[in-house]
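In: Got a predicted structure here, sequence first:
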Amino acid sequence: NAGVTQTPKFQVLKTGQSMTLQCAQDMNHEYMSWYRQDPGMGLRLIHYSVGAGITDQGEVPNGYNVSRSTTEDFPLRLLSAAPSQTSVYFCASRDHGNYGYTFGSGTRLTVV
Amino acid sequence: AQRVTQPEKLLSVFKGAPVELKCNYSYSGSPELFWYVQYSRQRLQLLLRHISRESIKGFTADLNKGETSFHLKKPFAQEEDSAMYYCVILTGGGNKLTFGTGTQLKVEL
């Protein structure tokens, strides 16, 4: 039982490049979310999903896309990377009956 | 809209001293509040949830609806308590976590 797995751990992109941050969980959790962590701002919700095929926007969705084709995977796509997207990204999941989220170890992204 | 305020960016205490990490919230509904902790080079993990009224690692937190506060307390700080602590409110039908800006606790010997 690996929990929530995020890849890659580190990534450097040039402005304008696209990439996908991967998130997978093996706990059969229905709810999955993406957050970004910036200094002095805590974590902010980007997108979330309540089940396969269902996604919705969070607080800061611009510049990001998500999809949820399976229960296990919830990838986050950066369409055209900008320096403002330099951040640490966390994926989290929980099951229906438990309000405590399990977090991944994070992806540190730098856009130059 | 919901909001969580943690007024202290850094709190430094000596080992064995009491600890209180402050958290105030604003939310029009009935709040579901948590404390999450992030130790150095580790992932975020749930410390405690207000509704469970548990004591985890010696920490407790009481929800005060009148003062809209959810302060985290521990009577005697340990060196291993040094970490970043986030106060969090859950809304949106259980889909949205709103984080405070975090308090870095440093326990000195």
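Out: Yep, it's here.
In: Beta-bridge partners for residue A:20, please?
Out: When bridges are called by DSSP bridges, residue A:20 pairs up with residue A:77.
In: how close does it sit to chain B?
Out: Separation of residue A:20 from chain B (Cβ to the nearest Cβ, to the nearest Å) stands at 20 Å. C-betas here are computed from N, CA, C, even on glycine.
In: Show the pLDDT at the closest residue to chain A within chain B.
Out: The nearest approach of chain B to chain A comes at residue B:99, 3.6 Å away (Cβ to the nearest Cβ). Residue B:99 is assigned 94 on the pLDDT scale.
In: Surely it is in contact with residue B:2?
Out: No - assessed by Cβ atoms under 8 Å, residue B:99 is found out of contact with residue B:2, at 10.6 Å.
In: Show me which of those two is the more surrounded one.
Out: residue B:99 (21 against 15; other Cβ atoms under 10 Å in any protein chain shown).
In: so who does the more buried one touch?
Out: A:35, A:42-44, B:4, B:36, B:86-88 (Cβ atoms under 8 Å, 6 or more residues apart in numbering or on different chains).
In: May I see these organised as JSON lines, with neighbour count, pLDDT and distance to residue B:24 added?
Out: Shown next, in JSON lines, are those (neighbours: other Cβ atoms under 10 Å in any protein chain shown; pLDDT from 0 to 100; distance: Cβ to Cβ, whole Å):
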{"residue": "A:35", "neighbour count": "27", "pLDDT": "97", "distance to residue B:24": "21"}
{"residue": "A:42", "neighbour count": "21", "pLDDT": "88", "distance to residue B:24": "14"}
{"residue": "A:43", "neighbour count": "29", "pLDDT": "93", "distance to residue B:24": "18"}
{"residue": "A:44", "neighbour count": "17", "pLDDT": "95", "distance to residue B:24": "19"}
{"residue": "B:4", "neighbour count": "22", "pLDDT": "95", "distance to residue B:24": "8"}
{"residue": "B:36", "neighbour count": "25", "pLDDT": "95", "distance to residue B:24": "17"}
{"residue": "B:86", "neighbour count": "25", "pLDDT": "96", "distance to residue B:24": "14"}
{"residue": "B:87", "neighbour count": "28", "pLDDT": "97", "distance to residue B:24": "8"}
{"residue": "B:88", "neighbour count": "24", "pLDDT": "95", "distance to residue B:24": "13"}
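In: I'd like the residues you listed laid out as CSV, including secondary structure and distance to residue A:109.
Out: Shown next, in CSV, are the contacts of residue B:99 (DSSP: H, G, I helix; E, B strand; the rest coil; distance: Cβ to Cβ, whole Å):
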residue, secondary structure, distance to residue A:109
A:35, strand, 13
A:42, coil, 17
A:43, strand, 14
A:44, strand, 14
B:4, strand, 25
B:36, strand, 21
B:86, strand, 20
B:87, strand, 26
B:88, strand, 23
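In: closest to residue A:69 among those?
Out: residue A:35 (21.0 Å; Cβ to Cβ).
In: Does the closest one touch residue A:41 like I think?
Out: No - taking contacts as Cβ under 8 Å, residue A:35 lies outside contact range of residue A:41: 10.8 Å.
In: pLDDT below threshold where in chain A?
Out: Along chain A, segments meeting pLDDT under 70 span A:1.
In: Enumerate the residues of chain B near chain A.
Out: B:4, B:9, B:32, B:34, B:42-46, B:49, B:86, B:90, B:94-102 (Cβ under 8 Å from any Cβ of the partner chain).
In: quick one: which of those sit in helices?
Out: Secondary structure from DSSP state H places none of the residues of chain B next to chain A in helices.
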